[in-house]
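Colleague: Provide a 3D model corresponding to the input given below.
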Amino acid sequence: MLQRDHEIPMDLVPRLKQLGIVEVWVRCRDLEFLEDVIDEGLGEGQREIYSHVRRNFEKMMQGASGQLDLHQFQESIGGLFGFLRGSNCGNMLLQKLDAFDNYLMSHSTNVCYLALLLGMKLERYLIDQRKVKTPRDAKDVQLLGLGCLLHDVGKMKIPSAILNKPGRLTEDEMELMKLHPVFGYEMVKGRIPASASEVVLNHHQRYNGEGYPPRRDPRTGDAFPPLAGTRIPIFSRIATLADVYDAATTTRCYSGAKLPVRVLDEMHGMVGTFFDPVVAEAFFQTVPAFPIGQVVTLSDGHQAVVVDFNPHRPVRPKVQCLRDPGGACIADPSLYELDLGLYDDLQIAYVDGVDVRPYQESQRNREAALAEIA
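Modeller: Here you go, the predicted structure:
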């Protein structure tokens, strides 16, 4: 259908979607050098999980009897986990899967992927928090991935008119929406291990005790004290960050996608209230404010592309310059590689025409605080 080095005609795009081709790799000669740092295998692993999520969700919607296909889920999660373990760039590159036809399923896959990355970084914390397990079992994150794949399954019980409503929900609609963790928990309880089903129930519990659903005695209906702090299962605390980040950086029916640097800036202000500080610190060292491959404009006017991530100075990655301030192409970008961590007078100023300098202030304050501690 397509020949190499030929432009894709836009009238062919609908046909590609009909054939189930939801994304293609496009050659951009100015960025060909990025092939060494971007791995197609990660996207393939995510899409495999997506297809498994879709099949299982459709069976549940149709009321199919029997167990969830846990073997298929766990096999694909294990494959993705193994890929991330062996990848040199897995913890630096966050490739979001944007399914053109179903937000719920692509979101579930993205949250699973991000939670696996966080779980890998938090092995010591998992051993400390999951005291009922052996150290080996405590740091096994495959059940974390399973819980994250299913964390929003209860939304399948919410009317589509509410789920896809472009405007603000009414009070009654919001109260119904807040029940989706309960609906989901009832769907998976007893069908998956408890540490995974707890993610489904508790992924909207906030570190300060706020959040939902409310906890009640099933016999009397009396309210229990809210879950807070480390009483919230650690897998749920990890899922909360992954869920908030992916939702905010994805286009929804009621809001546009925000740039990662903006979302991370907003999430800094939620540490200790919404988020566990230990999990949040690992998150900020894992998720790049400027993903590898993103084209940016520097404060001196150069156009550049991000080629590496510095977990200790996330808003100051390595870049290679593509064009000079006058717009002229740079013949060999590798000769103009800059580690922005070494140039305090230079920063990323614009992404897609948006001034992102205001969103870097919280990160600079965090870096300064860490430097004082050191």
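Colleague: contacting residues for Leu2?
Modeller: Taking C-beta atoms under 8 Å, 6 or more residues apart in numbering, we find Leu2 in contact with 8, 12, 24. All C-beta atoms are positioned from the backbone trio N, CA, C, and that covers glycine.
Colleague: any idea of the pLDDT on the second one?
Modeller: What the model reports for Leu12 is a pLDDT of 85.
Colleague: same check on the last one?
Modeller: Reported pLDDT at Val24 in the predicted model: 72.
Colleague: for it, give me its contacts.
Modeller: 2, 8, 16.
Colleague: buried set for stretch 126-146?
Modeller: 126-127, 129-130, 138-146 (16 or more other C-beta atoms under 10 Å).
Colleague: can you check stretch 153-168 too?
Modeller: Neighbour-count burial for stretch 153-168 flags 153-158, 163 (criterion: 16+ other C-beta under 10 Å).
Colleague: can I get it in CSV, CA atoms only?
Modeller: In CSV, the C-alpha atoms belonging to stretch 153-168 read as follows (Å, rounded to 0.1, in the frame of the first residue of the first chain):
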residue,chain,number,x,y,z
VAL,A,153,-12.7,-1.8,34.7
GLY,A,154,-15.6,-0.6,36.8
LYS,A,155,-16.2,2.3,34.4
MET,A,156,-17.7,-0.3,32.1
LYS,A,157,-20.7,-0.2,34.5
ILE,A,158,-21.0,3.6,34.0
PRO,A,159,-23.4,4.8,31.2
SER,A,160,-21.4,6.0,28.2
ALA,A,161,-23.3,9.3,28.2
ILE,A,162,-21.6,10.1,31.5
LEU,A,163,-18.2,8.7,30.6
ASN,A,164,-18.1,10.6,27.3
LYS,A,165,-19.8,13.8,28.5
PRO,A,166,-17.8,16.8,27.2
GLY,A,167,-19.0,19.2,29.9
ARG,A,168,-18.9,19.2,33.6
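Colleague: quick one: that stretch to chain centroid distance?
Modeller: Relative to its chain's centre, stretch 153-168 lies at 21 Å (C-alpha atoms, centre = their mean, to the nearest Å).
Colleague: coming back round to it: switch the buried residues of stretch 153-168 over to TSV; also include pLDDT and distance to Asp332.
Modeller: Formatted as TSV, the buried residues of stretch 153-168 follow (pLDDT from 0 to 100; distance: C-beta to C-beta, whole Å):
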residue	pLDDT	distance to Asp332
Val153	87	50
Gly154	90	53
Lys155	89	49
Met156	84	52
Lys157	87	56
Ile158	90	53
Leu163	86	49
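Colleague: got CSV for those, with distance to Cys321 and secondary structure too?
Modeller: Below are those laid out as CSV (distance: C-beta to C-beta, whole Å; DSSP: H, G, I helix; E, B strand; the rest coil):
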residue, distance to Cys321, secondary structure
Val153, 46, helix
Gly154, 48, helix
Lys155, 44, helix
Met156, 48, helix
Lys157, 51, helix
Ile158, 48, coil
Leu163, 44, helix
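Colleague: of the contacts of Leu2, closest to Gln360?
Modeller: Comparing these against Gln360 with C-beta to C-beta places Val24 closest, at 32.9 Å.
Colleague: does the closest one count as helix, strand or coil?
Modeller: Three-state assignment for Val24 (DSSP: H, G, I helix; E, B strand; the rest coil): coil.
Colleague: tell me the contacts of Pro314?
Modeller: Here Pro314 is in contact with 264, 284-285, 287-289, 363 (C-beta under 8 Å, 6+ apart).
Colleague: from the residues you listed, which shows the smallest pLDDT?
Modeller: Comparing these by pLDDT, Gln363 comes last, at 76.
Colleague: can you tell me the element Thr240 falls in?
Modeller: helix 234-248 (DSSP states H and E).
Colleague: what is the mean pLDDT for that helix?
Modeller: 96.
Colleague: list the buried residues in that helix.
Modeller: For helix 234-248, the buried set under the neighbour-count rule, 16+ other C-beta under 10 Å, comprises 234-248.
Colleague: out of these, who's nearest Tyr185?
Modeller: The shortest approach to Tyr185 among the buried residues of helix 234-248 belongs to Ser236, at 11.5 Å (C-beta to C-beta).
Colleague: list the contacts of the closest one.
Modeller: Here Ser236 is in contact with 147, 198-199, 201-203, 205 (C-beta under 8 Å, 6+ apart).
Colleague: give me that answer again for 10 Å
Modeller: Taking C-beta atoms under 10 Å, 6 or more residues apart in numbering as the criterion, Ser236 is in contact with 144, 147-148, 151, 181, 195, 198-205, 227, 243, 276.
Colleague: now, those residues that are in strands?
Modeller: Of these, none are assigned to strands by DSSP state E.
Colleague: buried only: go through the residues you listed for me.
Modeller: 144, 147-148, 151, 181, 195, 198-205, 227, 243, 276.
Colleague: among the residues you listed, which are in helices?
Modeller: Among the buried ones among the contacts of Ser236, DSSP state H puts 144, 147-148, 181, 195, 198-202, 243 in helices.
Colleague: in TSV, list those along with distance to Arg215.
Modeller: Shown next, in TSV, are those (distance: C-beta to C-beta, whole Å):
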residue	distance to Arg215
Leu144	22
Gly147	18
Cys148	21
Pro181	11
Ser195	18
Glu198	13
Val199	16
Val200	15
Leu201	10
Asn202	10
Asp243	19
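Colleague: Val307 sits in which helix or strand?
Modeller: With DSSP H and E as the test, Val307 turns up in strand 303-308.
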